[in-house]
Every structure is written in structure tokens, then in C-alpha cells.
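Student: Sequence and computational prediction follow.
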Amino acid sequence: MIRYVSQKQLPLEGFDTPPGMILDPTNRWVKLRDCIPWDELSESYYKTLCSNLGRPAKDARIVIGAVIIKHKLSVSDEETVEQ
């Protein structure tokens, strides 16, 4: 089952973060986020899934982001989860 709604990247100021947690706009992951065509990648990802059977799919941004982290850091699946 797919439940995707385009999020059209929110600016950092649009996030409701806990007090004291500020996302640094110079952080490498924050910079990379702005370069990724999330909607296009999400569309490709969801084409491989059944739209009306099973549990809802994980958000494409989580899956795609995990794959990017895994490959950029050259780490195992377990280490990717830790990151």
C-alpha cells in the first residue's frame, strides 16, 4: 500500500524541531538534500510496489536517504541504521 504525498522540500525554518535542536544549513546532508529530485525518485520507487496490498510502504525519502548514506559512507546496513 502506498501513501505518498509530495512534500515539496520545506525550508529549514519550516520544521518543528525540539528546543535546542537547530539544523545547520552548512551540514553536508542538508546541502545534499537540496540537490535531490525527491518527487521523481519517489515516483520510480513507488512504481515497484503494489498500491493496494500489504502494509503501507516506508516513505520514499527514508528509503532513498538510507541508500545514499550507506553508499556515501561505505558502511553496512547495520551502520546505516545507526547513522
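Tutor: Perfect, thanks for sending it.
Student: State the helix or strand in which E40 lies.
Tutor: Assigned by DSSP states H and E, E40 belongs to helix 38-47.
Student: and that helix, what does it pack onto?
Tutor: helix 60-73 (3 or more Cβ pairs under 8 Å, 6 or more residues apart in numbering; DSSP states H and E). The C-beta positions use only the backbone N, C-alpha and C, and glycine is treated the same way.
Student: following the helix it packs on, which helix or strand shows up next?
Tutor: Next along from helix 60-73, by DSSP H and E: helix 77-82.
Student: Okay, buried residues for that following helix please.
Tutor: T80 (16 or more other Cβ atoms under 10 Å).
Student: Can you name the residues in contact with that helix?
Tutor: For helix 77-82, contacts defined as Cβ atoms under 8 Å, 6 or more residues apart in numbering pick out 66, 69-70, 73.
Student: Swap in 10 Å and give it another go.
Tutor: 65-71, 73, 75-76 (Cβ atoms under 10 Å, 6 or more residues apart in numbering).
Student: From the centroid of the protein, which residue is nearest?
Tutor: R61 (2.5 Å; Cα atoms, centre = their mean).
Student: From K72, how far off is A57?
Tutor: 23 Å (Cβ to Cβ, to the nearest Å).
Student: In terms of packing, which of these two has more residues around it?
Tutor: A57 (18 against 12; other Cβ atoms under 10 Å).
Student: Kindly provide the distance from the residue lying closest to L49 once chain neighbours are set aside to S42.
Tutor: Leaving out its chain neighbours, the residue that sits closest to L49 by Cβ to Cβ, 6 or more residues apart in numbering is A57, at 5.3 Å. Distance from A57 to S42, counting by Cβ to Cβ: 10 Å.
Student: Over to S76?
Tutor: Taking Cβ to Cβ, one finds S76 at 25 Å from S42.
Student: out of these two, which sits in the more crowded spot?
Tutor: Between S76 and S42, S42 has the larger neighbour count (other Cβ under 10 Å), namely 20 against 10.
Student: Need the per-residue pLDDT for the residue nearest to that one when sequence neighbours are not counted.
Tutor: Nearest non-adjacent residue to S42, counting by Cβ to Cβ, 6+ apart: A60, 3.7 Å away. Note on A60: pLDDT of 87.
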